[in-house]
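Undergrad: Quick one, fold the following:
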Amino acid sequence: MILLAPLRYLGQLTMAVLATIGQVAIFAAQGISHIFRPPFYFREFLTALLQIGWLSLPVVGLTAFFTGGALALQIYAGGARFSAEAVVPQIVAIGMVRELGPVLVGLMIAARVTSSIAAEIATMKVTEQIDALVTLSTHPMKYLTAPRVLAALIVVPILVGIGDIIGIYGGFVVGTGQLGFNPASYIKNTVNFLEMSDIISSLIKGCAFGGIAATMGCYFGMNSGRGAQGVGEATKSSVQAAAVLILAANFILTSVFFSQ
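TA: Next up, the predicted model:
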């Protein structure tokens with residue numbers, strides 16, 4: 001029996017993980033379905049657009065700018081070993097648009113927005129505001145989840161596009177100001193190297209990452225425990241789950257888009 005204890009624990013853990021995955025999938029499907037069914041709470045949607053989009057611009061912009069600059073320095077230093085310093089504009093562009101831009105924006109949204117949504121909804125649950133919504137014949141999923149998920153699906157790809165541009169500009173500033181690249185040549189190499197498929201894949205990743213971030217915040221907020229400890233646990237778990245799922249989704253989407 002002692003030898004079977006680890007196997008029993010492993011089986012219980014596996015079943016718990018699978019059950020959680022199923023619950024999250026059902027929750028996400030319900031949240032998306034409520035987007036297309038009336039009534040739609042337009043004021044909540046506009047508030048979510050402001051919180052997720054506009055208020056996230058500073059952290060997204062700063063993160064992308066410094067990442068693009070650091071990427072240019074690293075590529076130049078690495079390329080110098082093989083006399084390939086000239087590829088800095090191309091690699092910065094493709095690195096930011098294909099991978100770093102979407103992933104960094106997704107993780108910043110997970111850190112800022114997912115935690116905020118989870119804490120807000122968990123606090124509403126602790127203070128019985130969600131029960132009050134049910135009493136007023138207002139579906140919590142429709143009022144709390146659907147507007148936030150729709151806002152994230154719309155605005156995060158826009159943030160990713162802005163982050164890509166700012167990241168490339170960060171590489172341009174470092175490349176022309178510190179590494180000695182000609183500005184016109186840098187811009188020409190960047191534009192000529194990028195393809196439309198790179199931009200489309202970046203925006204699709206942003207849409208997927210936004211949906212994941214908002215859904216995780218709503219799910220863990222709705223299923224939080226009671227008291228301050230429950231709110232803190234929901235906030236922590238939502239950010240962890242969103243970050244891991246964003247990285248996993250990035251791997252899957254990259255395999256789909258660039259497997260050839």
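Undergrad: How far does stretch 36-52 sit from its chain's centre?
TA: How far stretch 36-52 lies from its chain's middle: 19 Å, per C-alpha atoms, centre = their mean, to the nearest Å.
Undergrad: buried stuff in that stretch?
TA: Residues 44-45, 48-49, 51-52 are the ones in stretch 36-52 that count as buried (16 or more other C-beta atoms under 10 Å). Backbone N, C-alpha and C define where each C-beta goes, glycine included.
Undergrad: Among the residues you listed, find me the one that's closest to Val97.
TA: Val97 lies nearest to Ile52 out of those, by C-beta to C-beta, at 21.5 Å.
Undergrad: Quick check, pLDDT for that closest one.
TA: Predicted confidence (pLDDT) for Ile52: 90.
Undergrad: Now, the buried residues of stretch 36-52 that are in helices?
TA: Among these, the residues falling in helices (DSSP state H) are 44-45, 48-49, 51-52.
Undergrad: residues contacting Gln51?
TA: Going by C-beta atoms under 8 Å, 6 or more residues apart in numbering, Gln51 touches 113, 116.
Undergrad: which of the buried residues of stretch 36-52 lies closest to Gly177?
TA: Gly177 lies nearest to Ile52 out of the buried residues of stretch 36-52, by C-beta to C-beta, at 33.0 Å.
Undergrad: dump the residue contacts of the closest one.
TA: Residues near Ile52 by C-beta under 8 Å, 6+ apart: 109, 113, 148, 151-152, 155-156, 210, 214.
Undergrad: One more: Asn189?
TA: Contacts for Asn189 were tallied using C-beta under 8 Å, 6+ apart; they are 89-90.
Undergrad: just checking, Ala48 touches Arg148?
TA: Yes: applying C-beta atoms under 8 Å, one finds Ala48 in contact with Arg148, separated by 4.6 Å.
Undergrad: what about the protein, any weak spots by pLDDT?
TA: Low-confidence segments of the chain (pLDDT under 70): 1-4, 260.
Undergrad: Which residue ranges of it form helices?
TA: For the chain, the helices defined by DSSP H cover 5-35, 42-52, 57-80, 88-95, 101-109, 115-126, 129-135, 140, 146-177, 183-193, 196-222, 227-258.
Undergrad: count of neighbours near Gly106?
TA: A total of 29 residues lie near Gly106 under the criterion other C-beta atoms under 10 Å.
Undergrad: excluding its backbone neighbours, what's nearest it?
TA: Phe209 (3.3 Å; C-beta to C-beta, 6 or more residues apart in numbering).
Undergrad: again, but for Ile91
TA: Leaving aside its chain neighbours, Ile91 sits nearest to Ile75 (4.9 Å; criterion: C-beta to C-beta, 6+ apart).
Undergrad: ok, that neighbour to Arg8 distance?
TA: Using C-beta to C-beta, to the nearest Å, one obtains 51 Å as the distance from Ile75 to Arg8.
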